[in-house]
Structures are given as structure tokens and as C-alpha cells.
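[1] Using only what follows, build the 3D model:
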Amino acid sequence: MPTTFGKAIRVLFVSLVYVSVYAAVQTAVEAVAGFMGMLRAMPYVSSGPVLWQVFNKTVVSNLFVCSLISIALTLAVYWALGVLRERRLGTELCLRPISATPILPAVVLALGCRLLVSAYAVVSSYVPFLRESAQSAPDLSPASASPFGLVLSLLSVTLAAPIFEEILFRGLVQRELLRGFPPVLAIAVSSLIFAAAHPLVFQSVFAFFVGLACGWCYYRTGSLLTGIVIHVVFNATALITESFAYLSPAMTAAGAAAGAALTVIGLLWIGSRSNVNKAA
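    Numbers count the residues shown, from 1 in each chain. Alright, predicted model coming up:
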């Protein structure tokens, strides 16, 4: 349905506010972590209480634990502002019974995306600025972290981050954009915002396309569950990308072709099993 330019600007502004809240919280958490990192060099910290040392090593040394804290605080802010209650995201998460959610097609789509990204990682190694961006990516399994911190890191990457990002970028941002933009444009803009939230160029390129897949699935199913499954499987299979570095060019091309096929199958499978639900 045609919408006015003013309404489009308004929904875009609201969407950016949602993302800005998370960015502000994350910046504050990282600033506090940085300050605590400075304290680590002080004599009291090195010889202080055991509980303080464990907390300091777990939180300050682990980027993903800081992200986990940022997610929790951002959700608390959204709840305090009434955003989550207003959007009834708890209802949307279970809008369709789990038995009716296309989980298997979502897994197929996620594996297809992962294979494509793995091939993209190999190709990007020959592009200087992409190679430098990839090399500056944080380590997913920091050896310096405590066992407790490592567990929290894995939970952050494979569970908390996918759930939160689907709530934010699909449940809040895309849903808001659908109020003022045509579906295709709303999905594209939300994917661009999702990509921009990944500061490394190497990550933002494939984040845009993964965002398109999750956004389309959210629009088709009207439920965040499908996108969450895609996101969880995609993040959990990150080791596939590393293994591609040891494959021959022919095997890499075969992996890319298989990824493209699985992606198309997953998209068509989800599209054939679901009806468009109004996510606005």
C-alpha cells in the first residue's frame, strides 16, 4: 500500500533509534571493561580477592562476554521503555507452533549460507582490504579466557547473539520498516542496517546476505523462530569456514555450488510451506 515520504522517514528514524540504543549500551559496557582492564595492572588487582580476579579475567579479557552483558542490558532497556511489551515479541517468537515452524528448511538454508560464506572467505583472501579485515576479526575461542568465560563466549556467539539480533533487526527494525516501506525495500534496508552493525568489512558483506535470508523468512512466516534457527546454525558452523582454507580451488568451487544449491532449496522450501503473515 502506498505510503507517504514522511511516514517512511519516521519508521526509518525509529528503526535507527532501536539500533542506536544497543550501540550506546555496548559502547558503555566496553568503556567500563576498558577501565577495568587498566585496573588489572594495579598491585591490588594482581593480589586482590580471588573472586575479583576471576571476574576481571572473565569479563575484561573476553569480548564476547562483554557482548553478552550488552545484550542483557539492552533488552532490559527495551523492556523498561515498553518496546518489547508494545511489539508483543514474546507472542511473535511463538506465533506458530514449533511443530509448524520450517526448522529443517531453515537448517538447510543456514548450511547453504555457511558454505557460500566459506567460499567467499577463500576468495576474499586474495583481496587485500578484505584479507586485512578478516585477519582483524576477534578470536572466537580466546585461550586466555577462563573456562567459565569460554563457556559464556560460546553461549554468546551460538545462542544469545542470534536470538537478540533476530529480535532487534527483524522483530523491531524490519517490523517497523514494513510500516512505511514495501516488503522488498524493508527487508533490504533492515539487512543494510544489520550489515552496518558489523564493523569489519569482511563480516558486513556476508552479514548483508544472511540478513536478506533471515528477513525474507521472517516476512514469509511472520515468526522469528525460523530466522533464529538459521542464525544459530550459521554461527555454530563457523568452523566450516576455517576448513575451506585447506581445500583446493576445485573443492572450494564445489562447496560454493553446493552452498548455492542448498540456499535456493531452503528458500523455496520455506516459501512453499508458509503463507505470508503481516509482520507489521
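
[2] Now for Ile103: which residues touch it?
    225-226, 229 (CB atoms under 8 Å, 6 or more residues apart in numbering). Just so you know, the C-beta spots here come from the backbone N, C-alpha and C atoms, and that holds for glycine as well.

[3] And Ala110, by the same measure?
    Listed by CB under 8 Å, 6+ apart, the contact partners of Ala110 are 229-234, 237, 266.

[4] Buried ones in the helix or strand that it is a member of, by neighbour count?
    Secondary structure from DSSP states H and E places Ala110 in helix 103-124. Going by neighbour count (16 or more other CB atoms under 10 Å), the buried part of helix 103-124 is 105-122, 124.

[5] so for that helix, what's the average pLDDT?
    The average pLDDT for helix 103-124 rounds to 91.

[6] Show me the strands in the stretch 51-200 of the chain, by range?
    Assigned by DSSP state E, counting those that start in this stretch, the strands in the stretch 51-200 of the chain number zero.

[7] pLDDT below threshold where in it?
    The stretch 51-200 of the chain contains residues with pLDDT under 70 at 51-63, 85-101, 133-150.

[8] For the longest helix seen in the chain, name the packing helices and strands.
    Secondary structure of the chain per DSSP state H: the longest helix is helix 5-39. Other helices and strands packing on helix 5-39, by 3 or more CB pairs under 8 Å, 6 or more residues apart in numbering; DSSP states H and E, are helix 50-60, helix 63-80, helix 175-177, helix 183-196.

[9] Find the residue closest to Glu30 in space, skipping its chain neighbours.
    Spatially, and ignoring its direct neighbours in sequence, Glu30 is nearest to Cys66 (5.8 Å; CB to CB, 6 or more residues apart in numbering).

[10] Run a quick neighbour tally on the one you found.
    19 (other CB atoms under 10 Å).

[11] same question, Pro199
    By other CB under 10 Å, 9 other residues sit near Pro199.

[12] Pretty sure Pro102 sits against Thr221.
    Yes: counting by CB atoms under 8 Å, Pro102 does reach Thr221; the two are 7.0 Å apart.

[13] How about the contacts made by the residue nearest to Cys217 when sequence neighbours are not counted?
    Using CB to CB, 6+ apart and skipping residues adjacent in sequence, the residue nearest Cys217 is Thr226, 4.4 Å away. Going by CB under 8 Å, 6+ apart, Thr226 touches 101-103, 106, 214, 217-218, 270.

[14] same check, this time on Tyr78
    Per CB under 8 Å, 6+ apart, neighbours of Tyr78: 18, 21, 84, 172.

[15] so how far is Ser15 from it?
    Distance of Tyr78 to Ser15, given as CB to CB, to the nearest Å: 13 Å.

[16] got any residues that touch both of the two?
    Leu172.

[17] what about the helices in the stretch 151-280 of the chain?
    Here the stretch 151-280 of the chain has its helices, by DSSP state H, counting those that start in this stretch, at 161-165, 175-177, 183-196, 201-221, 224-236, 239-244, 249-273.

[18] Go through the ones you listed and find the least confident stretch.
    Mean pLDDT is lowest for helix 239-244 among the helices of the stretch 151-280 of the chain, at a mean of 73.

[19] hmm, back to that, let me know which of the helices and strands packed on helix 5-39 is tucked in deepest.
    Highest mean neighbour count of the helices and strands packed on helix 5-39: helix 175-177, a mean of 25 (counted as mean count of other CB atoms under 10 Å).

[20] which other helices and strands contact it?
    helix 5-39, helix 183-196.

[21] The longest one: how far from the chain's middle?
    Going back to what we said before, that points to helix 5-39. 15 Å (CA atoms, centre = their mean, to the nearest Å).

[22] With just CA atoms, put stretch 200-208 into CSV.
    The C-alpha atoms that make up stretch 200-208 are tabulated as CSV, following Å, rounded to 0.1, in the frame of the first residue of the first chain:
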residue,chain,number,x,y,z
LEU,A,200,34.5,-5.3,9.8
VAL,A,201,34.1,-5.0,6.0
PHE,A,202,34.7,-8.8,5.7
GLN,A,203,31.8,-9.6,8.0
SER,A,204,29.4,-6.9,6.8
VAL,A,205,29.5,-8.2,3.2
PHE,A,206,28.1,-11.6,4.1
ALA,A,207,26.1,-10.3,7.0
PHE,A,208,24.0,-8.4,4.4
